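K.L.:
sequence and predicted model, in that order:
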Amino acid sequence: MKRPRLSPATPSSLSPRGKSISTQFTSHLPNLQVPSSLHHLPGLTGSRNASRRRHRRILVGSGVALALIAAAGAAYAARSRLRQLLGKPPAENSERGLDTLTGLPNRAEAQWWLNTRLARARNRNHRLAVMILDINGFAELNEIHGREVGDHVLQVTAARMQSQLRTGDMVCRVANDTFMVIMDAIGPDHLITRIGERVVNAVSETVSFHGEPITISASIGFAISQDKDKTPDLLLDRADRALVQAKASNRNVVQF
């Protein structure tokens with residue numbers, strides 16, 4: 001829009017005093033005109049509109065960036081909550097997994113599964129049994145025959161235990177020559193004792209290593225979950241005491 005040209009004429013709307021001042025001012029600026037080159041410059045309104053548009057673009061860009069940051073934070077929090085709901089361990093917990101020698105779940109993995117299954121047993125109002133098996137005289141066996149023979153005995157023991165258990169029962173290696181079995185939805189106590197005896201008899205069979213027979217034996221202690229077992233430690237403590245009693249009394253299987 002072109003600006004109006006200034007004229008030396010005094011506007012008719014001015015008061016007499018205003019006319020006098022205007023006449024004195026314009027008398028010193030005769031025929032003042034706005035240069036034609038300035039007619040094409042944008043007006044003040046256009047400059048303000050452009051500034052507002054730039055401001056809006058900055059706000060929109062900032063809003064998008066903040067939205068992306070918020071979405072990333074929400075996704076991370078959701079993954080953390082999901083990991084907790086599923087009972088999965090944090091990424092830095094590198095202890096859980098499988099035993100490299102036998103392929104069985106290791107101690108940390110066994111502990112996690114015991115926690116999970118004991119909670120499920122309480123929710124479903126059924127019982128859970130824990131067996132702890134120990135190979136008798138394993139330290140002497142290693143000393144006499146060597147570590148290679150000892151490793152072979154552990155691998156054979158793991159395979160034999162798995163062959164005697166039900167589908168769904170979990171065998172874990174929790175120490176050098178100590179194994180743990182987690183059994184849920186169990187039946188009467190005498191059936192659990194019978195399974196324990198079957199496992200001990202299978203493990204105690206002679207092991208052959210490069211044609212040489214290796215005689216071994218094992219003991220088992222087991223405990224059945226009770227209402228007072230608020231934590232797995234109480235159940236494991238009873239199973240461990242039963243194992244000690246089985247070894248001291250020369251009995252293969254003891255229930256506690």
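P.N.:
Done, it's in.

K.L.:
how about the helices of the stretch 51-200 of the chain, start to end?
P.N.:
For the stretch 51-200 of the chain, the helices defined by DSSP state H, counting those that start in this stretch occupy 107-124, 138-145, 147-164, 189-203.

K.L.:
in a markdown table: these, plus mean pLDDT.
P.N.:
What follows is the helices of the stretch 51-200 of the chain, written out as a markdown table (pLDDT from 0 to 100):
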| stretch | mean pLDDT |
| --- | --- |
| helix 107-124 | 91 |
| helix 138-145 | 94 |
| helix 147-164 | 96 |
| helix 189-203 | 91 |
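
K.L.:
how about those, which one is nearest Gln226?
P.N.:
Distance to Gln226, taken as CB to CB, is lowest for helix 107-124 among the helices of the stretch 51-200 of the chain, at 10.6 Å. To be clear about C-beta, it is placed using only N, CA and C from the backbone, and glycine gets the same treatment.

K.L.:
buried ones in that closest one, by neighbour count?
P.N.:
Under the neighbour-count criterion of 16 or more other CB atoms under 10 Å, helix 107-124 has Arg107, Ala108, Glu109, Ala110, Gln111, Trp112, Trp113, Leu114, Arg117, Leu118, Ala121 buried.

K.L.:
give me the residues contacting that helix.
P.N.:
For helix 107-124, contacts defined as CB atoms under 8 Å, 6 or more residues apart in numbering pick out 87, 89, 93, 95-98, 105, 127-128, 130, 170, 172-175, 180, 182, 184-185, 225, 229, 232, 235-236.

K.L.:
nearest to Asp240, of the helices of the stretch 51-200 of the chain?
P.N.:
Once the helices of the stretch 51-200 of the chain are compared by CB to CB, helix 107-124 is nearest, at 13.1 Å.

K.L.:
as PDB, could you dump the C-alpha coordinates of the closest one?
P.N.:
The C-alpha coordinates for helix 107-124 follow below in PDB (Å, rounded to 0.1, in the frame of the first residue of the first chain):
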ATOM      1  CA  ARG A 107      21.400 -70.800  40.900                       C
ATOM      2  CA  ALA A 108      20.100 -67.300  40.100                       C
ATOM      3  CA  GLU A 109      17.700 -68.600  37.500                       C
ATOM      4  CA  ALA A 110      16.500 -71.200  39.900                       C
ATOM      5  CA  GLN A 111      15.900 -68.600  42.600                       C
ATOM      6  CA  TRP A 112      13.800 -66.500  40.200                       C
ATOM      7  CA  TRP A 113      11.700 -69.500  39.100                       C
ATOM      8  CA  LEU A 114      11.200 -70.600  42.700                       C
ATOM      9  CA  ASN A 115       9.900 -67.100  43.600                       C
ATOM     10  CA  THR A 116       7.600 -67.100  40.600                       C
ATOM     11  CA  ARG A 117       6.200 -70.600  41.100                       C
ATOM     12  CA  LEU A 118       5.700 -70.200  44.800                       C
ATOM     13  CA  ALA A 119       3.700 -67.100  44.300                       C
ATOM     14  CA  ARG A 120       1.600 -68.900  41.600                       C
ATOM     15  CA  ALA A 121       1.100 -71.800  44.000                       C
ATOM     16  CA  ARG A 122      -0.300 -69.500  46.600                       C
ATOM     17  CA  ASN A 123      -2.600 -67.800  44.200                       C
ATOM     18  CA  ARG A 124      -4.000 -71.100  42.900                       C
END
